[in-house]
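Chemist: coords please:
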Amino acid sequence: MSAASDVIRIVVDGPKCDGHGICALVLPERISLDAWGYAAIDDEPIEDARTLARAKRAVCACPVGALALVGPVERVEQSWRDRGGVRSGVSSAAS
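Modeler: Presented below is the predicted three-dimensional model:
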């Protein structure tokens, strides 16, 4: 099991969220919308590079900047590259 400091999660700043819903379109397996259209985040850790890449896209797509990734994002990306994967194309500025 990973230490708490090794865990990567996507989080939402609830007061900032305007309910646009773009995030749920980009990452539906981790983000749903509540009854009023605001983001509801699955708190499970992100453990694979493909989900991480989509999470970065969701963070970048939020028009009000209500989403963020927390944790050691670079470690998952390096593990993916070490196994022959390709970088997602999303800049690390989203992390």
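Chemist: so how many other residues sit close to Asp6?
Modeler: Other residues lying near Asp6 total 12 when counted by other CB atoms under 10 Å. Heads up, the C-betas are built off the backbone N, CA and C, glycines and all.
Chemist: now for the closest residue in space to Ala39 that isn't next to it in sequence, how many residues are close by?
Modeler: What sits nearest to Ala39 in space, not counting adjacent residues and going by CB to CB, 6 or more residues apart in numbering, is Val12, at 4.7 Å. Neighbour count for Val12, taken as other CB under 10 Å: 19.
Chemist: cool, Val11 as well?
Modeler: If you count neighbours by other CB under 10 Å, Val11 ends up with 15.
Chemist: now do Glu47
Modeler: Glu47 has 12 neighbours, counted by other CB under 10 Å.
Chemist: model confidence over stretch 55-62, on average?
Modeler: In this model, stretch 55-62 has an average pLDDT of 95.
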